[in-house]
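>>> take this sequence and fold it.
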Amino acid sequence: MSCSSSSGITFVRPRVDQYPFDRACRKIVEKLEELQWEVEGIEVSFRDICIGDKKFRQVSSVKGAEFSLLFSRNQGALVDARSGAADTAAVCEVCIPGHKVRVYEDMSCPFYLRYIGKDWSKDKKRFEAISCFAQSRETALFHRYTGVADPNSISIRAGEKSPYLLRMKGGRGELLEKEQWKVLSTDEIFAQVQNWLEEHVLNAL
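Reported below is the predicted structural model:
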């Protein structure tokens with residue numbers, strides 16, 4: 001656990017490197033901490049956790065005009081395995097212009113939303129509000145993809161990395177018929193997210 005104590009509260013930082021954008025998200029949190037969380041145009045929210053007489057704090061979200069980061073991914077035990085409390089300070093969802101991704105600690109079955117509308121400035125808030133995995137009626141705004149292990153099958157196994165993203169049907173979370181399958185590279189999409197965060201958020205701090 002990466003922690004530091006202040007006024008009796010232990011601050012828990014993102015520390016894992018499972019996904020390409022973990023590094024950028026971790027450095028964004030570190031830089032905001034250096035700046036005492038006061039950056040014009042960026043809103044930071046926190047989550048406090050109490051275990052017995054121990055108090056912990058971690059970033060819950062970071063939001064700017066063009067991006068949002070949600071932190072709620074398990075990265076180990078908060079105190080020890082017996083406490084039953086998880087350290088959930090790792091990023092779980094990233095939204096940048098035209099893209100939204102949702103990832104999990106076991107690295108299986110990420111979700112990806114790609115914007116397909118015609119006016120981002122008009123559609124931005126509606127796109128940002130779409131859940132990566134729940135049903136949505138906003139089918140004119142996005143294509144949804146889910147992670148798979150094999151581009152020629154729909155095999156999804158917990159704990160197995162998903163190197164491919166398979167497009168799903170409309171807003172219902174169902175897969176397309178096989179002849180309509182559209183497959184993307186997970187690494188390529190995640191690298192795009194990482195590069196955007198570094199260029200437009202981290203470099204601006």
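>>> please name every helix or strand in contact with the host helix or strand of Lys122.
Assigned by DSSP states H and E, Lys122 belongs to helix 120-128. When contacts are defined as 3 or more Cβ pairs under 8 Å, 6 or more residues apart in numbering; DSSP states H and E, helix 120-128 packs onto strand 111-115. For the C-beta atoms, the positions are set from N, CA and C on the backbone; glycine is no exception.
>>> same thing but at 6 Å, please
Judged by 3 or more Cβ pairs under 6 Å, 6 or more residues apart in numbering; DSSP states H and E, helix 120-128 is in contact with no other helix or strand.
>>> run the angle between the longest helix belonging to the chain and strand 111-115 for me.
The single longest helix within the chain, with elements called by DSSP state H, is helix 186-200. Angle of helix 186-200 versus strand 111-115, following axes from the mean of the first three to the mean of the last three Cα atoms, to 10 degrees, is 60 degrees.
>>> I would like the residues contacting helix 186-200, please.
Tyr19, Pro20, Phe21, Ala24, Val94, Ile96, Val101, Tyr112, Ser162, Pro163, Leu165 (Cβ atoms under 6 Å, 6 or more residues apart in numbering).
>>> buried sites along that helix?
Buried residues in helix 186-200, defined by neighbour count with 16 or more other Cβ atoms under 10 Å: Thr186, Ile189, Phe190, Gln192, Val193, Gln194, Trp196, Leu197.
>>> closest to Ala140 among those?
Ala140 lies nearest to Ile189 out of the buried residues of helix 186-200, by Cβ to Cβ, at 21.2 Å.
>>> most centrally placed residue in this structure?
Glu93 (1.9 Å; Cα atoms, centre = their mean).
>>> show me the contacts for that residue.
Glu93 makes contact with Leu70, Arg102 under the criterion Cβ under 6 Å, 6+ apart.
>>> how far is the one helix or strand it maps to from where the chain is centred?
Element membership of Glu93 [criterion: DSSP H and E] is strand 90-96. When C-alpha coordinates are averaged (Cα atoms, centre = their mean, to the nearest Å), strand 90-96 and its chain have centres 2 Å apart.
>>> neighbouring strands for it, and are they parallel or not?
strand 68-73 (antiparallel), strand 99-102 (antiparallel) (DSSP bridges).
>>> report the mean confidence score over it.
Average pLDDT, strand 90-96: 97.
>>> what angle sits between that strand and helix 120-128?
Using the same axes, to 10 degrees: strand 90-96 against helix 120-128 is 150 degrees.
>>> thinking Arg57 is in contact with Asp48, fair?
Yes - assessed by Cβ atoms under 6 Å, Arg57 is found in contact with Asp48 at 5.2 Å.
>>> a markdown table for the buried residues of helix 186-200, including distance to Ala86?
Formatted as a markdown table, these follow (distance: Cβ to Cβ, whole Å):
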| residue | distance to Ala86 |
| --- | --- |
| Thr186 | 25 |
| Ile189 | 27 |
| Phe190 | 23 |
| Gln192 | 29 |
| Val193 | 24 |
| Gln194 | 25 |
| Trp196 | 28 |
| Leu197 | 24 |
